[in-house]
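Engineer: the sequence isn't on hand, but the structure is:
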């Protein structure tokens with residue numbers, strides 16, 4: 001009876017501890033990261049750990065009129081089933097600073113979508129049942145009525161942002177990322193903006209990201225620096241993790 005009571009108590013405690021942990025709240029167990037770099041410029045290539053979700057093994061691609069990447073690698077360097085097909089709506093540009101961190105490499109180069117030619121990135125055969133999207137945008141215009149960003153997922157839900165007030169610095173770290181998005185275009189246009197969006201609650205094997213410049217009376221360009229697809233474990237997986245931890249605790253107790 002005592003063992004049974006201990007088991008129940010341990011399950012409750014373990015689930016509570018895991019659910020309260022930052023890892024569980026983030027829900028992250030895998031990530032696919034893509035960086036758009038400038039042709040022949042090694043300073044725009046991510047070679048280490050970078051991003052709001054700090055991940056290794058980025059998929060770097062030189063931006064051209066069309067992009068095709070197959071078997072994208074995840075943060076462990078393992079090839080996945082995911083493929084990327086993209087069309088870009090504008091030219092590739094970058095900031096003049098010399099990057100001193102991986103984050104500033106990520107944010108140094110960007111591809112622009114114009115008001116008449118959006119950028120479209122379609123990721124197929126995503127191996128995660130549930131996931132989140134980190135979408136990075138930082139260009140060269142930071143006035144309050146300057147460069148706007150409209151991101152539409154799977155041709156349904158549109159999110160708006162606005163470039164943050166300052167360039168991403170060359171000595172960048174995680175604190176230099178500023179999140180902002182809104183479903184209301186007018187509110188976004190008059191906001192302080194940010195340099196990335198964090199979009200949650202996503203699922204499905206295909207994700208289409210359409211990037212446009214929404215503020216047609218202002219600057220007609222919307223930048224994209226890169227993005228991350230970050231896996232979120234299902235509740236059943238979390239429960240199994242908790243029970244596995246409880247089993248180990250009980251085994252250790254019995255062996256004493």
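Structural biologist: Perfect, I can see it now. Small disclaimer: the values here were computed from a predicted structure and weren't measured.
Engineer: rest of the way, CA atoms for contacts and neighbours
Structural biologist: Will do.
Engineer: can you list the strands that the helix or strand hosting residue 61 pairs with?
Structural biologist: Assessed by DSSP states H and E, residue 61 sits inside strand 59-62. Strand 59-62 has its sheet partners listed here by DSSP bridges as strand 31-37 (parallel).
Engineer: pull out the buried residues from the strand it pairs with.
Structural biologist: Neighbour-count burial for strand 31-37 flags 31-37 (criterion: 16 or more other CA atoms under 10 Å).
Engineer: what pLDDT does the model give the residue nearest the centre of the chain?
Structural biologist: Residue closest to the average C-alpha location in the chain (CA atoms, centre = their mean): residue 134, at 2.1 Å. Predicted confidence (pLDDT) at residue 134: the value is 98.
Engineer: cool, residue 113 as well?
Structural biologist: At residue 113, pLDDT is 86.
Engineer: could you list the domains of this protein?
Structural biologist: For the chain, the structural domains run 1-27+234-256, 28-232, going by automatic domain parsing.
Engineer: what's the offset of the last one from the middle of its chain?
Structural biologist: A distance of 7 Å separates the C-alpha centroid of domain 28-232 from that of its chain, computed with CA atoms, centre = their mean, to the nearest Å.
Engineer: related to what we said a few turns ago, could you check how far the residue nearest to the centre of the chain is from residue 40?
Structural biologist: 26 Å (CA to CA, to the nearest Å).
Engineer: what's the answer for residue 89, then?
Structural biologist: Using CA to CA, one obtains 20 Å as the distance from residue 89 to residue 40.
Engineer: more neighbours: these two, which one.
Structural biologist: Neighbour count, other CA atoms under 10 Å: between residue 89 and residue 40, residue 89 has more, with 24 against 9.
Engineer: phi first, then psi, for residue 200.
Structural biologist: Backbone torsions for residue 200, taken as degrees, to the nearest 10, come to phi -110, psi 180.
Engineer: check which helix or strand covers the closest residue to it other than its chain neighbours.
Structural biologist: Closest residue in space to residue 200, ignoring its immediate chain neighbours: residue 132 at 4.5 Å, by CA to CA, 6 or more residues apart in numbering. Using DSSP H and E, the element containing residue 132 is strand 130-136.
Engineer: what's near enough to touch residue 88?
Structural biologist: Residue 88 is in contact with 63-66, 111-113, 117-120, counting by CA atoms under 8 Å, 6 or more residues apart in numbering.
Engineer: scratch that, residue 29 is what I was asking about
Structural biologist: Counted by CA under 8 Å, 6+ apart, residue 29 has contacts 230-233.
Engineer: want to throw these into JSON lines with neighbour count?
Structural biologist: As requested, the contacts of residue 29 are exported to JSON lines (neighbours: other CA atoms under 10 Å):
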{"residue": "230", "neighbour count": "26"}
{"residue": "231", "neighbour count": "23"}
{"residue": "232", "neighbour count": "24"}
{"residue": "233", "neighbour count": "18"}
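Engineer: include pLDDT when you put those residues into JSON lines, please.
Structural biologist: As requested, the contacts of residue 29 are exported to JSON lines (pLDDT from 0 to 100):
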{"residue": "230", "pLDDT": "98"}
{"residue": "231", "pLDDT": "98"}
{"residue": "232", "pLDDT": "97"}
{"residue": "233", "pLDDT": "92"}
